[in-house]
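> sequence unknown, structure follows:
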């Protein structure tokens, strides 16, 4: 019984904590598809909140890393993120260039200053 | 890179479905999707989730940001309620997307059940591509095209997720660390690119600044407060600027 619970629990959590809280907005959009303006203040505010949450996740993953990334020193991670972002801004706002430059900086820094 | 332009109508809805699928594989978002989900696969491995759990989360959640929030919040031992609220707050943006996409898909004789799948498939990438490509197609083929497009992206994401998961398990530590770095880098760049107005950029900058402070002082529900605090502040500045213009 406990074994079954241990096996299925992550999937129950996935549905309750991941699927439902996310899907409710799609369902609501389907129901209320008529009559709401993309420029209405509620929608604009929701966009700002969602952007800020994403920003929070990005900061968390870079500053308070876990696993193998935590072995690379914080100054290297921070400098690599800045390098990546500057490259992204410099080269036509290309996501590919930003990721490639940030990764190159991280690997170089990680190789030189590995703990 | 150019996308196959569906100039003419397809001969059948099956052809429209595969046309949509083909357009996903030739889009500029194809490599971005691979990079994002290789990163998420590595993240899931790093936080101790199984590869099948990740695959199912891709199918049922189908929103990279929500998956990253869920994995990092649950994996770092956060409370379930905190994780659910944070996931839900990242999902709010899907609401206006669904609202603006469905009128494009609806034609004569379209029933709500035909729109269930396109509504579930709505994500930032599929929304941007659908809005760009659908207007060139006759109404009768848009749902099939849209579903094909989304299936193409989802298949790509599923494969990339498994690749990232197993790469993270087998690579030497430095490369595995670099793989985990793909997600924050890709999200930073895609969010900055999607930031159309000053408000979006301000919300991004404030969120980047507020989250470390809250985490440092061990404030509970840190992601939720970052979102509501930094987001509302950015929105308020935007309102004041609009009013004084």
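That came in fine, so what should we check first? Because the structure is a prediction, the values reported are computed rather than measured. Residues are numbered from 1 along each chain as shown, chains lettered A, B, ... in the order given.

> neighbours of residue A:59, how many?
Counted with other Cβ atoms under 10 Å in any protein chain shown, the neighbours of residue A:59 add up to 23. Just so you know, the C-beta spots here come from the backbone N, C-alpha and C atoms, and that holds for glycine as well.

> next one: the one 3 residues further on
The local packing count at residue A:62 equals 23, with neighbours defined by other Cβ under 10 Å.

> packing partners of the helix or strand containing it?
For residue A:62, the host element (DSSP states H and E) is helix A:41-63. The helices and strands touching helix A:41-63, judged by 3 or more Cβ pairs under 8 Å, 6 or more residues apart in numbering or on different chains; DSSP states H and E, are helix A:74-90, helix B:64-75, helix B:80-91, helix B:94-105, helix B:182-194, helix B:198-216, helix B:222-244.

> out of those, which comes closest to residue B:162?
Nearest to residue B:162 among the helices and strands packed on helix A:41-63 is helix B:64-75; the distance by Cβ to Cβ comes to 14.2 Å.

> ok, and what's touching that closest one?
A:13-14, A:17-18, A:22, A:50, A:53-54, A:57, A:60-61, A:66, B:36-37, B:40, B:43-44, B:46-49, B:54, B:57-58, B:61, B:80, B:82-83, B:86-87, B:90-91, B:123, B:157, B:183, B:187, B:223 (Cβ atoms under 8 Å, 6 or more residues apart in numbering or on different chains).

> could you chop chain B up by domain?
B:13-179, B:195-245 (automatic domain parsing).

> for residue 3, give me the pLDDT.
You didn't say which chain, so I picked chain A. In this model, residue A:3 is scored at 78, pLDDT.

> I was after chain B.
Here, the pLDDT recorded for residue B:3 equals 46.

> model confidence over the helix ranked longest in chain B, on average?
Longest helix in chain B by number of residues (criterion: DSSP state H): helix B:139-170. Helix B:139-170 carries an average pLDDT of 95.

> any buried residues in it, and which?
For helix B:139-170, burial by neighbour count (16 or more other Cβ atoms under 10 Å in any protein chain shown) applies to B:141-154, B:156-158, B:160-162, B:164-165, B:167-168.

> equivalent analysis for stretch A:99-115, please.
For stretch A:99-115, the neighbour count (16+ other Cβ under 10 Å) marks A:99-103, A:105-107, A:109-110 as buried.

> worst average pLDDT in the helices and strands packed on helix A:41-63?
Across the helices and strands packed on helix A:41-63, helix B:94-105 has the smallest mean pLDDT, namely a mean of 83.

> name the helices or strands packed onto that one?
Counting by 3+ Cβ pairs under 8 Å, 6+ apart, helix B:94-105 packs on helix A:20-31, helix A:41-63, helix B:112-121, helix B:124-133, helix B:139-170.

> mind putting those helices into a markdown table with distance to residue B:230?
Formatted as a markdown table, the helices and strands packed on helix B:94-105 follow (distance: least, Cβ to Cβ, whole Å):
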| stretch | distance to residue B:230 |
| --- | --- |
| helix A:20-31 | 20 |
| helix A:41-63 | 4 |
| helix B:112-121 | 29 |
| helix B:124-133 | 20 |
| helix B:139-170 | 28 |
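
> and the ones you listed: which comes nearest residue B:18?
Using Cβ to Cβ, the nearest of the helices and strands packed on helix B:94-105 to residue B:18 is helix B:139-170, at 5.9 Å.

> quick one: that closest one near chain A?
Yes - using Cβ under 8 Å from any Cβ of the partner chain, helix B:139-170 reaches chain A at residue B:168.

> just list what that helix packs against, helices and strands only.
Against helix B:139-170 (3+ Cβ pairs under 8 Å, 6+ apart) you get helix B:13-25, helix B:29-46, helix B:51-60, helix B:94-105, helix B:112-121, helix B:124-133, helix B:173-180.
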